[in-house]
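[1] got a predicted model here, sequence first, then my questions.
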Amino acid sequence: MANEKVDVVIVGAGASGSTYAAVLAMAGKKVVVLEQGPDWQLSDLISSDFWGRRVKPAGAPFLLEGKNPVSYGYQGGWGVGGAALHYFANFPRLLPNDFRIKSEHNRAHDWPISYQDVAPYYDKVARDIGVSGDAKAEEIWRPAGDAYPMPPMKTFRNGEIWLKGFESVGIRMVPAAVGMNSTEYKGRPACIYDGWCHVGCPIGALANPLVTYLGDARKAGAEVRPWSNVTRVLTNAQGTKVTGVEYYDQKKERQVQEASVVVLAAWAAQNPRLLLNSSTDKHPKGLANTNGLVGKYMMTHFSSGTLAIFDENVENHMGTTGAQYMSYERYGKTAHKGAFGSSFIVAGTALKTSDLGGFANARLDLFGPELAAFMKRAARGFSRIGAFGEEMPNIENRIELASDKDEFGMPLGRIIHSYDDDVPKLWEANFAEGLAVAKAAGAKEMWSGRGNIPTIHLMGGTIMGTGAENSVVNSYGQTHEIPNLYMAGPGIFSTSGASNPTYTIFALSLRGAEQLATKWSMVAG
């Protein structure tokens, strides 16, 4: 069934899709947002690890291969709001050195833009959705910008206890920038610090799309259409323009939504899957893929968690799931001898007994009475710090279509991912420094949170660059091959940096959406 043609159809109602929807709807465009899952409300967000799993990925699985298979159970999202419904809302930004690794180190890629191109959008996003932090304190590592609209969040003992340890090894910490309300902001209440951010914030103190850009989009007339599984992007006979998308509704009936512009703002793995599945005789390798780069250069972060027990009550359940303190002190690409890539450091995460980061899983080697004794100590004195590491882009880390298909007949996506030799070196360097911090902080027990090297925050697959010879999109997310097809989200990152990506996702999406609104007649035709 064909629906009435609209100006723009946006696939995905997460951080990037909601930003595009707000900007374009407020510019007077007729906007439809398609989301594969349910239309969540704040009242659906219950502070429970069990209930919180409802907002995690659902639908067709991705096939995971390579030496370091991608873990996405906590990275994606299902339903309106996407992953930004349950993210930690850590809001560090990329730094100037992230944009010019090729120029400065002859590694990886340069971005086609600089930090200065993105910085005004970081500041605007902060005002739009509310960010708490101390921008002035961050200027020891980055150029000056606007102050955040709210002061830093409260701190608690589970973060403060680490500070003397960091100081002893020469790591300066500053209040973490977070997309949370330290005070009431734009009619949304202040945080109550109960530490359940990772399953969603039912009071709206956390800047998720429902209460920020998506709410603005709806007020401006945008339609959000849940239970809509998009399978193909459609093109005209000449292959020169996209004309809309094909999707299946809740009754599993095929629908077509025609539009003058299509924005793919799904998960970083889903966007390439859609492009590859939209092949035609004019685009035999998939849309925007004449150069074969769609699905290539998938990147993740990895973390080195240092765990410790202190001989006092650190109230580890208090605060937010994000960080109380952060540091770019090891953000230089060669900050650790013998390892390449940035590290971003955080401290002061609220912890629960089980599930993500919980202390029940902190010592997998313990059983029975020994585990029970550990749990008693941990309930009072357990805390952790973390260092996120940067993976360099590698063309072999990629998304492909598999022969297996989902219930709508769409080929499953296969994510192939392996870390290069630099990653374990940086991982180990961060572990070693973490233990030094813990010892200097006075921890009674300390250990590294080892196991398989984790994969966190999927990025790449539709990277930006200077032209079709080296990338899929330009710096605004506009595909080089098809002018009225845009990509949004972390898939367009040229490199990954080491800091949490969502603030940059918002900033780049705002930049791309404003450019599209300004150039509308040229793009839409």
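    Cool, the structure landed.

[2] helices along this protein, start to end?
    For the chain, helices defined by DSSP state H occupy the ranges 15-26, 49-52, 101-105, 115-129, 135-138, 157-160, 163-168, 213-219, 270-277, 368-381, 422-441, 502-518, 520-524.

[3] what is the rounded mean pLDDT of the second one?
    So the one you mean is helix 49-52. Mean pLDDT, computed over helix 49-52, is 86.

[4] show me the contact partners of it.
    Applying C-beta atoms under 8 Å, 6 or more residues apart in numbering, the contact partners of helix 49-52 are 45, 46, 86, 196, 198, 199, 200, 352, 354, 355, 356. The way it works is simple: take the backbone N, C-alpha and C, and place the C-beta from them, glycine included.

[5] who wins for most neighbours among those residues?
    The most crowded member of these, judged by other C-beta atoms under 10 Å, is residue 86 (28 neighbours).

[6] thought it was touching residue 206?
    No - using C-beta atoms under 8 Å as the test, residue 86 is too far from residue 206 to be in contact (9.2 Å).

[7] between those two, what contacts are shared?
    Contact criterion C-beta under 8 Å, 6+ apart; residues shared by residue 86 and residue 206: 197, 200.

[8] what pLDDT, on average, does the longest strand along the chain get?
    As assigned by DSSP state E, the longest strand anywhere in the chain is strand 296-309. Mean pLDDT, computed over strand 296-309, is 97.

[9] re earlier: so which of the helices of the chain comes closest to residue 333?
    Ranking these by proximity to residue 333 (C-beta to C-beta) places helix 101-105 first, at 5.6 Å.

[10] would you mark the buried spots in the closest one?
    For helix 101-105, burial by neighbour count (16 or more other C-beta atoms under 10 Å) applies to residue 101.

[11] show me the contact partners of that helix.
    Outside helix 101-105, the residues within contact range by C-beta under 8 Å, 6+ apart are 97, 107, 108, 109, 110, 333, 334, 340, 392, 495.

[12] just the buried ones from those residues?
    Using 16+ other C-beta under 10 Å, the buried ones in the contacts of helix 101-105 are 97, 108, 109, 110, 333, 340, 392, 495.

[13] can you put those in JSON lines and add pLDDT and distance to residue 19?
    Listed next are these as JSON lines, based on pLDDT from 0 to 100; distance: C-beta to C-beta, whole Å:
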{"residue": "97", "pLDDT": "98", "distance to residue 19": "26"}
{"residue": "108", "pLDDT": "96", "distance to residue 19": "26"}
{"residue": "109", "pLDDT": "95", "distance to residue 19": "24"}
{"residue": "110", "pLDDT": "98", "distance to residue 19": "25"}
{"residue": "333", "pLDDT": "98", "distance to residue 19": "29"}
{"residue": "340", "pLDDT": "97", "distance to residue 19": "32"}
{"residue": "392", "pLDDT": "98", "distance to residue 19": "28"}
{"residue": "495", "pLDDT": "98", "distance to residue 19": "21"}
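
[14] among these, which one sits closest to residue 128?
    Residue 128 lies nearest to residue 495 out of the buried ones among the contacts of helix 101-105, by C-beta to C-beta, at 25.6 Å.

[15] distance of that closest one relative to residue 522?
    Noted for residue 495: a distance of 29 Å to residue 522, by C-beta to C-beta, to the nearest Å.

[16] how far does the worst-scoring helix or strand of the chain on mean pLDDT sit from the chain's center?
    When each helix and strand of the chain is scored by mean pLDDT, DSSP states H and E, helix 49-52 comes last, with a mean of 86. Distance, stretch centre to chain centre, for helix 49-52: 20 Å (C-alpha atoms, centre = their mean, to the nearest Å).

[17] same check on stretch 386-400?
    With C-alpha atoms, centre = their mean as the basis, stretch 386-400 stands 14 Å off its chain's centre.

[18] again with stretch 299-311
    19 Å.

[19] heads up, I number from 20, so please use that
    I'll keep to 20 as the first residue from here, and by that count the last item is stretch 318-330.

[20] give me the buried positions along that stretch.
    For stretch 318-330, by 16+ other C-beta under 10 Å, it's 318, 319, 320, 321, 322, 323, 324, 325, 326, 327, 328, 329.

[21] for stretch 134-143, same thing?
    In stretch 134-143, counting by 16+ other C-beta under 10 Å, buried: 134, 137, 138, 140, 141, 142, 143.

[22] stretch 303-312 too?
    Using 16+ other C-beta under 10 Å as the test for burial, stretch 303-312 gives 305, 306, 307, 308, 310, 312.

[23] now the residue lying closest to residue 310 once chain neighbours are set aside. Its backbone dihedrals?
    What sits nearest to residue 310 in space, not counting adjacent residues and going by C-beta to C-beta, 6 or more residues apart in numbering, is residue 487, at 5.7 Å. Phi and psi for residue 487, reported as degrees, to the nearest 10, are phi -70, psi -10.

[24] what do you get for residue 111?
    Dihedral pair for residue 111: phi -70, psi 160, per degrees, to the nearest 10.

[25] and the nearest residue to it once chain neighbours are set aside, how far from residue 271?
    Nearest non-adjacent residue to residue 111, counting by C-beta to C-beta, 6+ apart: residue 518, 3.8 Å away. Distance from residue 518 to residue 271, counting by C-beta to C-beta: 40 Å.

[26] cool, and residue 497?
    Applying C-beta to C-beta, the value for residue 497 to residue 271 is 33 Å.

[27] neighbour count: those two, which is higher?
    Legend: neighbour count by other C-beta under 10 Å for residue 497 and residue 271, higher for residue 497 (24 against 10).

[28] can you tell me the closest non-neighbouring residue to the more buried one?
    The shortest distance from residue 497 to any non-neighbouring residue, by C-beta to C-beta, 6+ apart, is to residue 505 (5.4 Å).

[29] could you find the closest non-adjacent residue to residue 27?
    Residue 27's closest residue in space is residue 280 (C-beta to C-beta, 6+ apart), at 4.4 Å.
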